[in-house]
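Peer 1: need a structure here:
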Amino acid sequence: MKLSVISFTERGMLLSKTVRNVLLDTLEDIALFTKCSRCHDETVPFVTEGLSSWAGGQMQKGNAILFIGACGIAVRAVAPHLVSKLEDSPVLVLDEGGQYVIPLVAGHIGGGNALARLLADHLRAQPVITTATDLRGAFAVDLFAKQNHLSIGEKGGIAKVSSKVLSGQAITMAMEPGHLDEKHPVPREVRLVPYPPKGMVDVLITTQTIPVQASLRLYPKIYVVGMGCKRGTSEETLRKFYLQTLKQHNIARESVMCLCSIAQKKDEMGLCGLCARERLPFVTYSAETLRRVEGDFHGSDFVKQQVGVDNVCERAAKKKAGDTGVLVVPKQRDNGMTIAVVKTEWRVQFDTE
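Peer 2: Predicted structure coming up:
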């Protein structure tokens with residue numbers, strides 16, 4: 001997680017440096033900023049643009065933001081840029097006295113509550129957590145999803161499931177067999193039922209597009225898609241091929257982890273556009289790296305002459321998935337496009353502390 005810290009007074013700027021020092025070994029990147037016109041420090045850039053514009057830029061990059069100042073300042077700055085609890089960046093507030101850390105948005109899925117507790121622990125401050133499930137020590141399905149790298153199908157289902165938990169009722173949960181880590185006990189609020197369930201369930205954990213009614217569907221991100229294409233292939237053409245392949249093999253879009261290809265395609269507009277539209281990371285590898293991937297692949301001399309390796313889609317997907325990855329969709333061809341899918345292992349556990 002990358003954290004951007006912004007202060008508004010000299011005292012706040014000094015505290016921001018303390019924050020950076022105490023979290024330096026925990027977070028990958030911490031950047032300090034200030035709106036204090038009286039503060040002169042080359043290591044802390046002064047933000048010349050409007051605060052809301054600055055905050056929007058940070059959130060667009062996916063950075064967490066820590067405001068050292070009043071809650072009202074933070075709320076007004078980020079309000080125009082909030083989208084949903086599934087997409088918002090964590091936003092926190094720390095008073096300039098360093099006494100209270102308040103996560104405002106993205107407490108569970110974004111990791112704001114965990115960051116608040118981490119920061120409070122290092123500063124000996126008080127984390128002000130307002131999430132109902134946290135306050136009661138109850139099972140939080142959105143936090144469970146985040147900790148197990150599960151994609152959330154419909155955000156409205158989170159409220160339905162949490163409401164049931166908070167009312168003291170047990171929720172029903174069905175998941176594909178063979179993937180539960182049984183080292184940890186199932187919470188008292190959760191009642192596991194066989195998969196596929198015969199009736200309505202509260203939570204369904206699946207990689208498939210099965211016709212089952214559920215308040216909330218959670219999808220393990222376990223599939224790596226490899227793709228190749230002729231130069232200039234449109235995003236729409238690639239997306240149609242991509243979605244058609246997933247549908248034919250009963251793979252839920254939400255279970256795709258990322259899309260991979262060869263380095264020559266890193267700027268291919270169609271592939272980049274597809275990844276942006278599907279909100280997938282786009283990973284590319286050099287031809288030399290792909291040649292070293294071990295396995296039985298569907299090679300092509302023509303492809304090897306063009307890009308330096310006999311197969312792009314299968315090798316790229318297998319490289320990202322690692323040694324335990326299994327090729328479940330061998331190379332498919334259509335009008336100069338290729339696609340392959342590799343499945344990775346997955347486990348779900350309840351106690352992830």
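Peer 1: Which parts of this structure are helices?
Peer 2: 10-23, 51-60, 71-78, 112-123, 132-136, 141-147, 156-166, 235-248, 269-278, 287-291, 301-307, 313-321 (DSSP state H).
Peer 1: In TSV, list those helices along with distance to residue 42, mean pLDDT and mean neighbour count.
Peer 2: Backbone N, C-alpha and C define where each C-beta goes, glycine included. Output for the helices of the chain, formatted as TSV (distance: least, C-beta to C-beta, whole Å; pLDDT from 0 to 100; neighbours: other C-beta atoms under 10 Å):
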stretch	distance to residue 42	mean pLDDT	mean neighbour count
helix 10-23	12	93	18
helix 51-60	19	93	17
helix 71-78	25	94	17
helix 112-123	25	90	20
helix 132-136	40	73	14
helix 141-147	37	86	22
helix 156-166	44	87	17
helix 235-248	43	96	17
helix 269-278	36	94	18
helix 287-291	40	94	16
helix 301-307	46	84	13
helix 313-321	40	96	26
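Peer 1: between these, which one is nearest to residue 43?
Peer 2: The minimum distance between residue 43 and the helices of the chain falls on helix 10-23, with 8.1 Å, by C-beta to C-beta.
Peer 1: just to revisit the earlier point, export the helices of the chain to TSV and append columns for distance to residue 101.
Peer 2: Output for the helices of the chain, formatted as TSV (distance: least, C-beta to C-beta, whole Å):
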stretch	distance to residue 101
helix 10-23	10
helix 51-60	18
helix 71-78	12
helix 112-123	5
helix 132-136	14
helix 141-147	18
helix 156-166	23
helix 235-248	42
helix 269-278	34
helix 287-291	43
helix 301-307	50
helix 313-321	36
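Peer 1: Of all these, which one is nearest residue 177?
Peer 2: Closest approach to residue 177 among the helices of the chain (C-beta to C-beta): helix 141-147, 18.6 Å.
Peer 1: and the closest one, how far out from the chain's middle?
Peer 2: Taking C-alpha atoms, centre = their mean, to the nearest Å, one finds helix 141-147 lying 11 Å from the centre of the chain it belongs to.
Peer 1: Make sure residue 118 is actually in contact with residue 25.
Peer 2: No - in this structure residue 118 lies outside contact range of residue 25 using C-beta atoms under 8 Å: 11.3 Å.
Peer 1: OK, contacts around residue 259?
Peer 2: With contact set as C-beta atoms under 8 Å, 6 or more residues apart in numbering, residue 259 has these partners: 225-227, 271, 274-275, 278, 280-283.
Peer 1: what sits opposite it in the beta ladder?
Peer 2: In this entry, residue 259 is beta-bridged to residue 225, residue 282, by DSSP bridges.
Peer 1: Distance check, it against residue 62.
Peer 2: 18 Å (C-beta to C-beta, to the nearest Å).
Peer 1: now do residue 165
Peer 2: Remark: distance between residue 165 and residue 62 (C-beta to C-beta) = 29 Å.
Peer 1: Equivalent analysis for residue 99, please.
Peer 2: With distances taken as C-beta to C-beta, residue 99 is found 29 Å from residue 62.
Peer 1: again with residue 285
Peer 2: Distance, residue 285 to residue 62, using C-beta to C-beta: 23 Å.
Peer 1: Name the residue in the two with the higher neighbour count.
Peer 2: Taking neighbours as other C-beta atoms under 10 Å, residue 285 and residue 62 compare with residue 285 leading, 22 against 13.
Peer 1: Surely the more buried one and residue 262 touch.
Peer 2: Yes - applying C-beta under 8 Å as the test, residue 285 and residue 262 come out as touching, 6.4 Å apart.
Peer 1: Overlap of the contact sets of those two?
Peer 2: residue 316.
Peer 1: Farthest pair within the contacts of residue 259?
Peer 2: 226 and 278 (14.5 Å).
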